[in-house]
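Novice: Got a predicted model here, sequence first, then my questions.
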Amino acid sequence: MPLAAAGQFRATASLSQNLLSCRNLISKTVAAGAKILFLPEASDYLPISASESLRLVKPVEDNEFVLGLQASAKEHKLPICVGIHEPVEGGERVKNTCVYITEEGVISKRYQKVHLFDVNIESGPVLMESRSVEPGRSITPPFDTPLGKLGMLICFDLRFPEISLQHRRLGAQILSYPSAFTVPTGNAGHWSTLLRARAIETQSYIIAPALVGYHNEKRKSYGHSMIVGPWGEVLGECSGIKENAKPGEEDGEEEICVGEIDLGVLERVRREMPLLRRTDVYGEI
Ligand SMILES: O=C(O)CNC(=O)[C@H](CS)NC(=O)CCC(=O)C(=O)O
């Protein structure tokens with residue numbers, strides 16, 4: 001059965017350093033024999049502020065990180081699905097997107113994050129993503145990949161079951177959630193609980209590559225990249241941020257986890273437990 005890989009690393013504001021980390025993840029993916037590599041949200045750079053993001057953002061044609069990944073995808077005939085930033089024309093904000101790079105090294109699909117992470121939690125985190133990011137307005141319908149039909153979502157989208165159910169209705173078999181999950185929400189169990197819930201209720205494979213460790217003085221991520229099967233079982237998981245991690249330390253090793261994507265298992269789960277909606281009772285959600 002074909003394997004999917006989810007890659008995990010500690011992104012910084014350096015595109016060239018992040019490319020080196022991702023190239024290392026590509027080598028590990030090729031060595032493991034996996035057929036697609038999924039990389040986290042904001043793999044190109046994790047900015048310390050909105051102004052740094054505006055300074056670093058470039059169209060994909062000029063983005064050394066994306067161009068580097070495209071070359072590697074082509075070299076290894078390895079499709080790569082990766083979270084990046086893209087400019088908004090004449091705007092003061094950027095797009096938080098996920099692009100699918102084919103084994104020919106071509107960007108064939110793109111999704112712009114629809115739900116933005118604006119939170120103010122007393123015990124942390126305080127993040128206002130909408131200050132620097134323009135929200136997307138549409139779903140990218142599920143499309144064919146060597147592993148099955150893929151629906152692309154991003155991080156905070158994970159908390160909104162409606163969008164994943166819509167992907168299922170449109171034919172998705174695999175949902176990807178490239179992420180940079182915060183440590184407090186991860187520690188509260190939200191990450192693994194929500195990923196497994198989305199897998200169980202959509203009866204789909206969930207692939208969730210995540211950033212890990214300290215990105216700068218102010219920002220750190222939870223890690224625990226995960227691949228979950230349509231029965232809710234965790235097929236592969238990376239390690240989490242170290243308990244005593246400090247900014248600037250090499251606390252986020254590059255790591256992949258893999259999972260077998262077996263569409264026969266998926267069809268069986270869907271056949272054995274049909275989830276027929278009672279929209280006559282509660283309407284289409
Ligand atoms: O685009 C960038 O620069 C990076 N983007 C992110 O890190 C985003 C927005 S701040 N992070 C999340 O959505 C975390 C959600 C989360 O942690 C939760 O739902 O609990």
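Specialist: Received it, and whenever you're ready, just let me know what you need. Just so we're clear, the structure is a prediction, and the values are computed from it rather than from any experiment.
Novice: Any stretches of the chain with poor pLDDT?
Specialist: Low-confidence segments of the chain, defined by pLDDT under 70: 249-252.
Novice: Go ahead and flag the most central residue of it.
Specialist: Pro178 (0.7 Å; C-alpha atoms, centre = their mean).
Novice: ok, that residue touching Gly83?
Specialist: Yes. Counting by C-beta atoms under 8 Å, Gly83 is a contact partner of Pro178 at 3.7 Å. Using the backbone N, CA and C atoms, a C-beta is placed for each residue, glycine as well.
Novice: if I look at those two, which residues touch both of them?
Specialist: Leu39, Pro40, Glu41, Ser43, Cys98, Ile154, Cys155 (C-beta atoms under 8 Å, 6 or more residues apart in numbering).
Novice: between these, which is closest to the ligand?
Specialist: Cys155 (3.8 Å; C-beta to the nearest ligand atom).
Novice: Contact partners for Gly33?
Specialist: Residues near Gly33 by C-beta under 8 Å, 6+ apart: Leu3.
Novice: okay, now the nearest residue to Leu39 once chain neighbours are set aside: neighbour count?
Specialist: Take Leu39 and drop its neighbours on the chain: the residue closest to it by C-beta to C-beta, 6 or more residues apart in numbering is Val82, 4.0 Å away. With neighbours defined by other C-beta atoms under 10 Å, the count for Val82 comes to 27.
Novice: The ligand contacts on the protein?
Specialist: Counting by C-beta under 6 Å from any ligand atom, the chain comes close to the ligand at 41-42, 46-47, 53, 96, 117, 127, 129, 155-156, 159, 180-182, 185, 190.
Novice: Can I have the buried ones of these as a ChimeraX selection?
Specialist: Per 16 or more other C-beta atoms under 10 Å, the buried members of the residues of the chain next to the ligand correspond to this ChimeraX selection:
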select :41,42,46,47,53,96,117,127,129,155,156,180,181,182,185,190
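Novice: Look through this structure and tell me its longest helix.
Specialist: helix 15-32 (DSSP state H).
Novice: and that helix, how far from the chain's centre?
Specialist: Averaged C-alpha coordinates place helix 15-32 at 16 Å from its chain's average position (C-alpha atoms, centre = their mean, to the nearest Å).
Novice: right, and Leu147 touches Phe38 too?
Specialist: No. Using C-beta under 8 Å, Leu147 makes no contact with Phe38, being 10.2 Å away.
Novice: Those two: which is more packed in?
Specialist: Higher neighbour count among Leu147 and Phe38: Phe38, with 30 against 22, using other C-beta under 10 Å.
Novice: show me the contacts for the more buried one.
Specialist: Phe38 neighbours (C-beta under 8 Å, 6+ apart): Ala4, Ala5, Ala6, Gly7, Ile80, Cys81, Val82, Ser176, Pro178, Ile207, Pro209.
Novice: Identify the bridge partners of it.
Specialist: On the basis of DSSP bridges, Phe38 is bridged to Ala6, Cys81.
Novice: do you know how far it is from Ala50?
Specialist: Between Phe38 and Ala50 the computed distance is 27 Å (C-beta to C-beta, to the nearest Å).
Novice: one step back: among the shared contacts of Pro178 and Gly83, name the ones in strands.
Specialist: Using DSSP state E, the members of the shared contacts of Pro178 and Gly83 that fall within strands are Cys98.
Novice: got the shared contacts of Pro178 and Gly83 as CSV, with distance to Asn244 columns?
Specialist: Shown next, in CSV, are those (distance: C-beta to C-beta, whole Å):
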residue, distance to Asn244
Leu39, 27
Pro40, 23
Glu41, 25
Ser43, 25
Cys98, 32
Ile154, 30
Cys155, 26
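Novice: of all the shared contacts of Pro178 and Gly83, which comes closest to Ser14?
Specialist: When the shared contacts of Pro178 and Gly83 are compared for distance to Ser14 (C-beta to C-beta), Ser43 wins out at 12.0 Å.
Novice: hang on, isn't that closest one packed against Cys81?
Specialist: No. Applying C-beta under 8 Å as the test, Ser43 and Cys81 come out as separate, 10.3 Å apart.
Novice: quick one: which of those two has more around it?
Specialist: Shown here are Ser43 and Cys81; by other C-beta under 10 Å, Ser43 has more neighbours (29 against 24).
Novice: Over to that one: give its phi and psi.
Specialist: In this entry, Ser43 is assigned phi and psi values of phi -70, psi -30 (degrees, to the nearest 10).
Novice: And the one 3 residues further on, by the same measure?
Specialist: Dihedral pair for Leu46: phi -110, psi 110, per degrees, to the nearest 10.
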